[in-house]
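Undergrad: Structure for the following, please:
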Amino acid sequence: MPIPDTDVISATAFDTLTPPAADPYLPVDELPHSASAPDLVLQRLRDELALDGNPQLNLATFATTWMEPQARQLMADTAEKNLADRAEYPQITAMEERCVRMLARLWHAPHPEQVLGCSTTGSSEAALLGGLALKRRWQQRRRAQGKDTTRPNLVMGANVQVCWKKFANYFEVEPRYVPVEPGRYHLTPDTLTAYCDDNTIGVVTVLGSTYDGSYEPVADICMALDGYQAATGTDIPVHVDGASGAMVAPFLDPGLMWDFQLERVASINTSGHKYGHVFPGLGWALWRDTHALPDDLVFDIDYLGGRSPSFTLNFSRPGAHIAAQYYTLLRYGFEGLHHLALRSRTAAHALATRISAIPPYELITDGTQLPAFAFRLAPGARGFTVHDVSHAMRTRGWHLPAYALPTPCQDISVLRLVVRTGLTAQLADAFVADLTEVTQRLRPHHPALTAKTPATT
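TA: Now for the predicted structure:
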């Protein structure tokens, strides 16, 4: 039997099957019967995608929405490279390893050459891997002691990102959420040890809460666990969820103790696609050493040619994001990344200050940690809600999320604003102007904020 021709089929090969080029009526939710001209399909999709929001006006997401043209081109150049096929694409693999070493040094690993790490599809997958390593490490220790391994639990603040709730659900670990309270919307050391016991696989700390942009005091939490170990003999490791902050704090807060300088920190995850300045989706997970990452979680793969270790939930992944991350690290260097982070934080604090001057808003955080902050309507304000503000801003093109804080502070609803590279001074001015106008338009429905009309005689 002859081998069929497998050359790429050109667009002209479909000419006899293609409907008239002017035909705009392509099916929406079913497979077409015949092929169509590529330009027709391209225009059809572009028209639909134009209905999406403008990424530059999306103040809800932490994810990168702007990259340099050179980085975009590099991603396009490597879009077809599969990171899982390490034998075929050894340079992408080498770039991944170089990025891991750079992050290990950035996060003050005592022995960077001993750090184990990998890229992931995002910080959520990286967090799941970090939690899985904590669970397996705990199981191995318990089995060696002849103890039960059926009731693991994980201690974390009620403000954790949803990926940790997924981890607890998917991997059958009891989640123990330390409640927040008014004025303290993240995990602190004073109450967490009451939630710990011999079945605690670890404590999750968050460097940059998605609720308000605040940093949890990782060093103080580690000290509290040091005291807990001295009193009980139970050694509880810490995982730092640095989805956003792990690519901000090293450049702006060099004196902050939160990373591998703290012996209790076993693993760290971050998002390359947040303040790592790469388009979604890219995450990183790093472990202090082989003790922190049990080797029975790592698979040795050889069926793509060559042999390579693999510790990911997914298998095939685009290598383009690795090339882009390596580009950003080489392109900006420490000083450049410091400048980008400083510009974002300065803009966030300036915006927070301007918004605090617009009645009836008051700040929950002020953008001086993560370049993000939350604000609310002042207590007693009535007649409209933060959800009304969010909806009104959406009609201006801005995506400004409104949501309730974690239990037991669910009666406090806030608006959150994230500043990323790409938010220019002109856009910031336009945002403040739109927020001011929207608020003034809503205020007549708020009796406490409406000026009284002088009585006529």
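Undergrad: now Phe375, what's its secondary structure?
TA: strand (DSSP: H, G, I helix; E, B strand; the rest coil).
Undergrad: contacting residues for it?
TA: Contact analysis of Phe375 by CB atoms under 8 Å, 6 or more residues apart in numbering lists 352, 355-356, 361-364, 414-415, 417. Using the backbone N, CA and C atoms, a C-beta is placed for each residue, glycine as well.
Undergrad: distance of Asn82 from Gly319?
TA: Separation of Asn82 from Gly319 (CB to CB, to the nearest Å): 6 Å.
Undergrad: oh sorry, the question was meant for Asp190
TA: From Asp190 over to Gly319 (counting by CB to CB), the distance is 45 Å.
Undergrad: So for those two, which residue has more residues nearby?
TA: Gly319 (24 against 12; other CB atoms under 10 Å).
Undergrad: That one reaches Asp77, doesn't it?
TA: No: contact criterion CB atoms under 8 Å: Gly319 and Asp77 do not qualify, at 10.5 Å.
Undergrad: quick one: low-confidence parts of the protein?
TA: 1-24, 299-310, 444-457 (pLDDT under 70).
Undergrad: Take the contacts of Phe375 and lay them out in JSON lines including distance to Asp434 and secondary structure.
TA: Output for the contacts of Phe375, formatted as JSON lines (distance: CB to CB, whole Å; DSSP: H, G, I helix; E, B strand; the rest coil):
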{"residue": "Ala352", "distance to Asp434": "16", "secondary structure": "helix"}
{"residue": "Ile355", "distance to Asp434": "12", "secondary structure": "helix"}
{"residue": "Ser356", "distance to Asp434": "17", "secondary structure": "helix"}
{"residue": "Tyr361", "distance to Asp434": "14", "secondary structure": "strand"}
{"residue": "Glu362", "distance to Asp434": "20", "secondary structure": "strand"}
{"residue": "Leu363", "distance to Asp434": "19", "secondary structure": "strand"}
{"residue": "Ile364", "distance to Asp434": "21", "secondary structure": "coil"}
{"residue": "Val414", "distance to Asp434": "19", "secondary structure": "strand"}
{"residue": "Leu415", "distance to Asp434": "13", "secondary structure": "strand"}
{"residue": "Leu417", "distance to Asp434": "12", "secondary structure": "strand"}
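Undergrad: quick check, nearest of those residues to Arg264?
TA: Ile364 (28.9 Å; CB to CB).
Undergrad: residues near the closest one, how many?
TA: 20.
Undergrad: How much space separates it from Thr346?
TA: 19 Å.
Undergrad: can I assume Val160 sits in a helix?
TA: No: judged by three-state DSSP, Val160 forms no part of a helix; its state is coil.
Undergrad: Provide a list of residues in contact with it.
TA: 177, 204, 206, 241.
Undergrad: Could you do Thr328 as well?
TA: Contacts of Thr328 were listed using CB under 8 Å, 6+ apart, and they are 67, 71, 276-278, 337.
Undergrad: Take those and write them to JSON lines, including neighbour count and secondary structure.
TA: JSON lines is the format used below for those (neighbours: other CB atoms under 10 Å; DSSP: H, G, I helix; E, B strand; the rest coil):
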{"residue": "Met67", "neighbour count": "19", "secondary structure": "coil"}
{"residue": "Ala71", "neighbour count": "20", "secondary structure": "helix"}
{"residue": "Gly276", "neighbour count": "25", "secondary structure": "coil"}
{"residue": "His277", "neighbour count": "27", "secondary structure": "coil"}
{"residue": "Val278", "neighbour count": "26", "secondary structure": "coil"}
{"residue": "Leu337", "neighbour count": "22", "secondary structure": "helix"}
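Undergrad: From these, pick the one nearest Leu40.
TA: Distances from Leu40 to the contacts of Thr328, taken by CB to CB, are shortest for Met67, at 29.2 Å.
Undergrad: Need phi/psi at the nearest residue to the closest one once chain neighbours are set aside.
TA: Excluding the flanking residues, the one nearest Met67 by CB to CB, 6 or more residues apart in numbering is Phe279, at 6.1 Å. For Phe279, the backbone dihedrals (degrees, to the nearest 10) come out as phi -60, psi 150.
Undergrad: cool, Tyr403 as well?
TA: phi -160, psi 160.
Undergrad: Quick one: the strands in the stretch 351-457 of the chain, in order.
TA: Remark: strands assigned in the stretch 351-457 of the chain by DSSP state E, counting those that start in this stretch are 361-363, 372-377, 402-404, 413-418.
Undergrad: Can you tell me which of those strands is most buried?
TA: Greatest average neighbour count among the strands of the stretch 351-457 of the chain goes to strand 372-377 (a mean of 25), per mean count of other CB atoms under 10 Å.
Undergrad: so how far is that one from its chain's centroid?
TA: 19 Å (CA atoms, centre = their mean, to the nearest Å).
Undergrad: and it with strand 413-418, angle?
TA: Calculated by axes from the mean of the first three to the mean of the last three CA atoms, to 10 degrees, strand 372-377 forms an angle of 150 degrees with strand 413-418.
Undergrad: Look up which helix or strand Arg72 falls in, please.
TA: In this structure, Arg72 is located in helix 69-77 according to DSSP states H and E.
Undergrad: which residues sit in contact with Gly117?
TA: By CB under 8 Å, 6+ apart, Gly117 lies in contact with 100, 103-104, 284-287.
Undergrad: next one: Ala126
TA: Ala126 touches 120, 269-271, 283-285, counting by CB under 8 Å, 6+ apart.
Undergrad: Could the C-alpha coordinates of stretch 187-201 be exported in CSV?
TA: This file holds the C-alpha atoms of stretch 187-201, laid out as CSV (Å, rounded to 0.1, in the frame of the first residue of the first chain):
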residue,chain,number,x,y,z
LEU,A,187,-3.4,34.3,58.4
THR,A,188,-1.4,35.4,61.5
PRO,A,189,0.6,33.4,64.0
ASP,A,190,-1.5,34.1,67.1
THR,A,191,-4.3,31.6,66.3
LEU,A,192,-3.0,29.1,63.8
THR,A,193,-1.4,26.6,66.1
ALA,A,194,-4.8,25.9,67.7
TYR,A,195,-5.7,24.3,64.4
CYS,A,196,-2.6,22.1,64.2
ASP,A,197,-2.1,18.5,65.4
ASP,A,198,-0.1,15.4,64.6
ASN,A,199,-2.2,14.9,61.4
THR,A,200,-1.3,18.4,60.0
ILE,A,201,0.7,17.9,56.8
